[in-house]
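Enquirer: Give the three-dimensional model of this entry:
(one chain, ligands or ions: 1)
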Amino acid sequence: MSEAQPTLNSLAAKVTELTQNFTKYLEDNGIPAPSLAADSPTSYSGLNAESFILRQQLLDALNDMWILTQGPSESIFNYVHNVMPDVASLNILNHFDFWSAVPLDGSASYATIAKHTALPEEVVRRVLEHSTTLQIFTRASTPGHVQHTSRSAALAKQSGLRALVSTVLDDAGPPMAVMNEALSRYSLNKTTLTTDMKETAFALFHSGATRGGYTTSWELLEQDGEGEKKGWRQRNFVEFMRYIKEIFQLEKVILESYDWKAAGKATVVDIGGSGGHDSVVLAQNFPELNITVQDLPEAGPAFEKNTPAELKDRVSFMAHDFFKPQPVQADIYMIKLILHDWPDKESVQILRGLVPSMRPGSRVLFIDYVGKQTNPEGLPRSIQQMGTATDLRMMALFSAEERPVEAWKEIFRQADERFDIVRVEANPVAFYVVMEAIWRGE
Ligand SMILES: C[S@@+](CC[C@H](N)C(=O)[O-])C[C@H]1O[C@@H](n2cnc3c(N)ncnc32)[C@H](O)[C@@H]1O
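Expert: Modelled structure (predicted):
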């Protein structure tokens, strides 16, 4: 052990110093600090890269304090004891919309919430008793009533945050809980993870007839639900992707990913473009662009709902499976956050699907995560976790992985040597890589 090990006291001093630096930044920049009360701001607005890193360093120090405060064994015991009930209660509150059952500026009784959610009052009380220990709702002064905290209020106020909880916990959570079983069945005593999509934890959980018979989560998103409910998970997912764009400030990444102004009257295909949230931003900023958003059919209604009417002559939706040959001839094919959902073989197939439409000079604009940092040691652990957590989720759902820049280039090379990568821009803090490939074929 060469490095001096942190102690509770040294960590407390570090936490004090980092807190002072962080709050000074907030004060200097007029950023309101959140509280635990329902009327709190929902996030810190306007952190720059430096203050974001500072906050994550503070979080790392607090996490180490959390471990040392309990001691190693109890830190594991307490974590394991609570993590599933924590996840289950949040998922239940979200699924049954407890958020709107309680007014933001008042309180509600268990009986009222039971009526609103159509759950037995006993269940409502027991779930809330656990969630209040997490600062998600709190007991009100009137007995048998709860009121919002800032955390539950953030969910009541933001449909994107609700969609995130639904997608990450309700869609992806159960498969993650059976990853060990999937690995035992399909990857034990092998040198590499199975890349057969029928052998994922998702498929293990969902492919049985009683669970819908789905192999990929896209099938679940598109097909789950009867009648009007059909596609509800995809509609949620569209909202989740819109929210991701908002919180990671991806609008800037998209606008700066290409010289759109110089592109003039270019035609663009937004492959797997969800409900069109990126294309709307592009069309609003560059009035000469003409964009086709392609995705699975159930993303269509969300597109029709979300796209401003005045843009609809330049931005349209087309249901298209990207494993089939690309039917639209365009100048630019944007493919954003698609390939990280697929193993190498499928990623190569998706790119090859573009080949029939490529013409000399047409381009692929690739934007994706660089989830694995080349030099992770320099980054706070809580930032590394954003990449490693998504990486394991990709393993559970798709047998896919978050790739470093070199692996993305290799996928293009394997798809077709005529994709000539002329630009690679990766920002390790922003987590995104932008690559531009020009078609050098006929
Ligand atoms: C992670 S989302 C990315 C959405 C969007 N490009 C963005 O960056 O926000 C992946 C998208 O791929 C779509 N998708 C999955 N399988 C597809 C397929 N076979 N054909 C077309 N789209 C598909 C999903 O419906 C989803 O909208």
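Enquirer: Next one: M435 from the ligand, what distance?
Expert: 15 Å (C-beta to the nearest ligand atom, to the nearest Å). Any C-beta I mention is one placed from the backbone N, CA and C, and that applies to glycine too.
Enquirer: ugh, wrong one, I meant D313
Expert: Going from D313 to the ligand by C-beta to the nearest ligand atom gives 22 Å.
Enquirer: and if you look at A283?
Expert: 15 Å.
Enquirer: Other residues contacting the strand or helix carrying that residue?
Expert: Per DSSP states H and E: A283 is located in helix 277-285. Identification of contacts with helix 277-285 by C-beta atoms under 8 Å, 6 or more residues apart in numbering yields 238, 241-242, 245, 250-251, 254-255, 260, 268, 270, 273, 289, 291, 293, 306-308, 311, 314-315, 334, 336.
Enquirer: And it, how far out from the chain middle?
Expert: Helix 277-285 sits 20 Å away from the centroid of its parent chain (C-alpha atoms, centre = their mean, to the nearest Å).
Enquirer: which residues touch R418?
Expert: Applying C-beta under 8 Å, 6+ apart to R418 gives the contacts 355, 358, 439-441.
Enquirer: Close to the ligand: what parts of the stretch 101-250 of the chain are there?
Expert: 218, 241 (C-beta under 6 Å from any ligand atom).
Enquirer: does S35 really touch R151, like I thought?
Expert: No: the pair S35 / R151 is not scored as a contact, 10.9 Å apart, by C-beta atoms under 8 Å.
Enquirer: Just want to know which of those two has more residues nearby.
Expert: R151 (20 against 11; other C-beta atoms under 10 Å).
Enquirer: So for the helix holding A283, what gets flagged as buried?
Expert: Neighbour-count burial for helix 277-285 flags 277-283 (criterion: 16 or more other C-beta atoms under 10 Å).
Enquirer: Can you tell me which of those is closest to M394?
Expert: M394 has its nearest neighbour among the buried residues of helix 277-285 in D278, at 20.6 Å by C-beta to C-beta.
Enquirer: How about the contacts made by L221?
Expert: Residues near L221 by C-beta under 8 Å, 6+ apart: 171, 231, 233-234, 237, 296, 298.
Enquirer: rerun that using 10 Å as the cut-off
Expert: Shown in contact with L221 (C-beta atoms under 10 Å, 6 or more residues apart in numbering): 167, 171, 214, 231-238, 296, 298-299.
Enquirer: tell me the pLDDT at it?
Expert: At L221, the pLDDT value in this model is 96.
Enquirer: gap between it and F317?
Expert: 16 Å (C-beta to C-beta, to the nearest Å).
Enquirer: and the residue nearest to R242 when sequence neighbours are not counted, how far is that from the ligand?
Expert: Nearest non-adjacent residue to R242, counting by C-beta to C-beta, 6 or more residues apart in numbering: H277, 4.5 Å away. With distances taken as C-beta to the nearest ligand atom, H277 is found 6 Å from the ligand.
Enquirer: same check, this time on P6
Expert: Look at P6 and the ligand: by C-beta to the nearest ligand atom, they are 38 Å apart.
Enquirer: any idea whether that residue is helix, strand or coil?
Expert: At P6 the chain is in coil, as set by DSSP: H, G, I helix; E, B strand; the rest coil.
Enquirer: which non-adjacent residue is nearest whatever residue of the stretch 201-350 of the chain ends up closest to the ligand?
Expert: Going by C-beta to the nearest ligand atom, the ligand is nearest to G272 of the stretch 201-350 of the chain, at 3.2 Å. Spatial nearest neighbour of G272, chain neighbours left out: I338 (4.3 Å); criterion: C-beta to C-beta, 6+ apart.
Enquirer: Show me which residues of the stretch 251-400 of the chain sit near the ligand.
Expert: Within reach of the ligand by C-beta under 6 Å from any ligand atom, the stretch 251-400 of the chain has these residues: 272-274, 278, 295-296, 299, 321-323, 336-338, 341.
Enquirer: where along the stretch 101-250 of the chain do the strands fall?
Expert: 107-109, 138-139, 145-147 (DSSP state E, counting those that start in this stretch).
Enquirer: Generate JSON lines for these, with mean neighbour count and mean pLDDT as supplementary columns.
Expert: Shown next, in JSON lines, are those (neighbours: other C-beta atoms under 10 Å; pLDDT from 0 to 100):
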{"stretch": "strand 107-109", "mean neighbour count": "20", "mean pLDDT": "98"}
{"stretch": "strand 138-139", "mean neighbour count": "16", "mean pLDDT": "98"}
{"stretch": "strand 145-147", "mean neighbour count": "22", "mean pLDDT": "98"}
